[in-house]
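# Need coordinates for the below:
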Amino acid sequence: MSRTIFLYKLDKIRLHETSSLHTLLSLRLSLPPLTTTTMNVFSGKTALLDFYNPDKNPPLPLVELPSHPFEDDNVKIYAKMLTLLPAGNVKSLPGGFKLPTYVTAFTSNNFCLALNMLMRASEAGQIDGSTERIVEYSSGNTVISLGIVSKIMGGPQVGAYISNKTSTQKMELLRFFGLDLTLFGGPAQVEPADVNGGIYAAIQDGMRPGWYNPGQYSSPQNSEAHVRWTGPQIHAQLPKINIFAAAVGTSGTMTGTGSYLKTVRPDMVNLGVFTAPGDRVPGPRPIDLVQTVDLPWQEVIDAAEHVLSKDSYRISLELCRQGLLVGPSSGLSLQGLYQYLEKAKRNGELDSLRADDGNVYCAFICCDQPYQYISDYFTKLEPSCFPPIHNTELLDKDLYPYGVDWILSPNDAFRMLYPAHGLQTPPTEPTDLDDEFKHVHEPLIHAHAVVFDLRSQSDFTRAHILGSKNVDIQCAGTENPFKDPKMLAELWETLRKMLNPLVKDLYDKSVLLVSYNEEIAYVGCSVLRKEGVKAFALGGGFEKWKEGGLDVGTPAARH
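Take a look at the predicted model:
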C-alpha cells in the first residue's frame, strides 16, 4: 500500500502510514453510532437547564483509588466526584427552581436546576417576580451556585455574606461570578444562632420585603437532592458499600446521602468527618459549630472523625497529583476515612465491616476543586511538599511584556531614522540600498527619532550610528542575556536605572536602542515601553548595521 507523509511544520509531527488511519476509521465505523445523549449535547431553549439537570446527565464518576494505605487489608476506596457537576462543586447539586411557564413548557420536571432550596421557596411563594435580592452566608460554593442558577433563570441579584478574614483570592472569585460582598467581623466560622454573625444577619435580612435567604444551615431542602441523586448513584455504582464518609459543614451532603444509603444498606457505616477543634478547612466545621444546625445529621452518622487542616491539605495535594483534582475538604473526608479504618484495624473490627466477598467497600465525597485554595496549600504545608523554583533571581526581575514587532532590521531602522532621504520601501537585502542611502554624511536623524547606543563609551567612540547618543550601561559582553538568568536580572535593573530618567523627554519620540546584540536592546525596549515610550531594538546589533553597508560615524556624542 502506498505511503503518504503528512508534514506539519509547527510541531514536526509526521503520520507515515495511511493504512493506520484507515484502520482507525474502519474500527470507528464498526462501533454503534454516537447519539446526542452519549455525546452530552445540550441544545435549544432549555440547554442550560438540561446541562444542570442530573436526570439528563450520566451518573457522576465513582473512581477507585489505585493506591492507599489499606490495600493489603482488602479495602477498596472510591471517590465520588461531585467536583464534576456543572458548577464544579457539590453545592450546585441540591436544586432547581420552579421554572417559569415559558421554561416548563420545554422540560419534563421542575427539579432540573441547582438549589432545591430556591425551588421550594418558589413553590411556597417566598420567591416570586417581586424578589429583588437573595443573600446567603457562604464559604463560597453555595453562594457561587446560587449566583449561577439565579443568572441562568433571570432571577434576582445574589449577595454573599462572608467573614472579613476571607482571602483576597476568594473574594475575587466571588466577585468574578457577579456576587456583591458584605463582610462581617468576629470569628471566621460562626454558629447560626450567633446574633453577631453573618449567618444570623442573612436570616434577618432575608425577612426584608423583596429579599430572600435560602438558609443552608436550617433548610431541609439542603439534603433533599442528595436523597434523590447522590445516594442512589453511589448505591447503584457500589452496591456493596460498607462505609460512606463525608465532611460535615452544613451537613446536607451527609444527612441526605447517608440517610438514603441506610435505607438500602442498614448495616453500613456513615462516617461524619469534622475539622479538628480550633482548626479551619473551607466548608467543613468543627463539631461544636454544627450542634445548632437544624438538619438531623446526628441521627444519620454512626461515627465521627476529627481531622487537622494540615492533613486535609496534604491528602488533597496527593489526590491532585494522582489525577483527582479535588479541594481540601475532599482531603479531609479521605483522611477521616483513613483514621477510622486505622482504628478499626487496630481494634480488630475491620473484619466486621467486610462485604460477603471479603472486601471493605468505602466511598467518600469530593466536594470541590483545589484552584480557589491554591495559596492556602502553600501556607498550610511545608515547602518540602512542593518542587523547587529554578532561576529564582527572575522572580522580581524582567517583569514587563515584550512585543514581537519591536526588533527592526537595519533597513527598517534606517527608514525610521532617515526618512528625509526618501527611502520608501525596504530593500530585499541590505546591500541593495543605493549608495546615496548607504552613506549619510550628516546626522539627519528625524526630529522625532532618537538613537541610544548602549555599548561602552570606547566602542561608541570608535564607531556609531550618526546622530546617536551613548548610554553606557557597562555591559561590554556580547552574551545573550536570555541564556543567563543572573545576567538578565542584573541587566534589567541597570537598564531601568539608566533609561527611566530619560523617559520624560521621549514621549513624542521613536527610540532605537543599539547594543552588541539585539537581545540586550530588546530588554531595554521592554523597560521603555513600560513607561509609554515607543522603543525599538536594532536587529542583529551594531555589527549588523555595519555589515549592511550603512555608514557610521566616529565623533563621540555622549548623553
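# Distance check, P266 against Y260.
Counting by C-beta to C-beta, to the nearest Å, the gap between P266 and Y260 amounts to 12 Å. Heads up, the C-betas are built off the backbone N, CA and C, glycines and all.
# Please disregard the earlier target; I meant V290.
20 Å.
# do the same with T230
Per C-beta to C-beta, T230 is found 8 Å from Y260.
# These two: which has the busier surroundings?
Comparing T230 with Y260 by neighbour count (other C-beta atoms under 10 Å), the higher total belongs to T230, at 29 against 23.
# I'd guess the more buried one is in a helix, am I close?
Yes: applying DSSP: H, G, I helix; E, B strand; the rest coil, one finds T230 inside a helix.
# dump the residue contacts of it.
The neighbours of T230, taking C-beta atoms under 8 Å, 6 or more residues apart in numbering as the test, are 80, 82, 93, 253, 256-257, 260, 365.
# rerun that using 10 Å as the cut-off
By C-beta atoms under 10 Å, 6 or more residues apart in numbering, T230 lies in contact with 54, 59-60, 80, 82, 90, 93-94, 223, 244, 246, 252-253, 256-258, 260-261, 365.
# Enumerate the positions of stretch 289-302 that are buried.
Along stretch 289-302, these residues count as buried under the neighbour rule (16 or more other C-beta atoms under 10 Å): 289-290, 293, 295, 297, 300-301.
# brain fart, stretch 258-270
Buried residues in stretch 258-270, counted by 16+ other C-beta under 10 Å: 258-262, 265, 268-270.
# One more: stretch 350-362?
Buried residues in stretch 350-362, counted by 16+ other C-beta under 10 Å: 350, 353-355, 360-362.
# May I see those arranged in a markdown table, with distance to G154, secondary structure and pLDDT as well?
Output for these, formatted as a markdown table (distance: C-beta to C-beta, whole Å; DSSP: H, G, I helix; E, B strand; the rest coil; pLDDT from 0 to 100):
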| residue | distance to G154 | secondary structure | pLDDT |
| --- | --- | --- | --- |
| L350 | 53 | coil | 97 |
| L353 | 49 | helix | 97 |
| R354 | 52 | coil | 97 |
| A355 | 48 | coil | 97 |
| V360 | 48 | strand | 98 |
| Y361 | 44 | strand | 99 |
| C362 | 42 | strand | 99 |
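# Now distance to D376 too, for the residues you listed, in a markdown table please.
Shown next, in a markdown table, are the buried residues of stretch 350-362 (distance: C-beta to C-beta, whole Å):
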| residue | distance to D376 |
| --- | --- |
| L350 | 34 |
| L353 | 33 |
| R354 | 37 |
| A355 | 37 |
| V360 | 32 |
| Y361 | 32 |
| C362 | 26 |
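# Domain boundaries for this structure, per the record?
As assigned by automatic domain parsing, the chain contains the domains 1-31, 47-86+221-378, 90-212, 407-547.
# average pLDDT across the first one?
Taken as a whole, domain 1-31 has an average pLDDT of 47.
# Likewise for stretch 536-548?
On average, the pLDDT along stretch 536-548 is 91.
# Now the terminal residues of that stretch, how far apart.
One end of stretch 536-548 sits 18 Å from the other (C-alpha to C-alpha, to the nearest Å).
# buried stuff in that stretch?
Neighbour count says stretch 536-548 has 536-542, 544-546, 548 buried, by 16+ other C-beta under 10 Å.
# Looking at those residues, which is nearest L324?
A537 (47.0 Å; C-beta to C-beta).
# Excluding chain neighbours, what is closest to N196?
With C-beta to C-beta, 6 or more residues apart in numbering as the criterion, N196 has its nearest non-adjacent residue at 5.6 Å, and that residue is G186.
# count of neighbours near that neighbour?
With neighbours defined by other C-beta under 10 Å, the count for G186 comes to 13.
# going forward, begin numbering at 329 instead of 1
Yes, from this point I'll number from 329; that puts the last item at G514.
# hey, what's in contact with both of T558 and Y588?
Contacts common to T558 and Y588, judged by C-beta under 10 Å, 6+ apart, are 551, 572.
# would you turn the buried residues of stretch 617-630 into CSV with pLDDT, secondary structure and distance to D607?
Shown next, in CSV, are the buried residues of stretch 617-630 (pLDDT from 0 to 100; DSSP: H, G, I helix; E, B strand; the rest coil; distance: C-beta to C-beta, whole Å):
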residue, pLDDT, secondary structure, distance to D607
L617, 82, helix, 11
V618, 79, coil, 14
V621, 72, coil, 18
L623, 76, coil, 22
W625, 82, helix, 19
V628, 90, helix, 23
I629, 91, coil, 19
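# ok, of those, which one's closest to Y728?
Checking the buried residues of stretch 617-630 against Y728 by C-beta to C-beta gives L617 as the nearest, at 47.3 Å.
# and the next element down the chain from the host helix or strand of A573?
Assigned by DSSP states H and E, A573 belongs to strand 571-575. Once the chain leaves strand 571-575, the next helix or strand it forms, by DSSP H and E, is helix 580-592.
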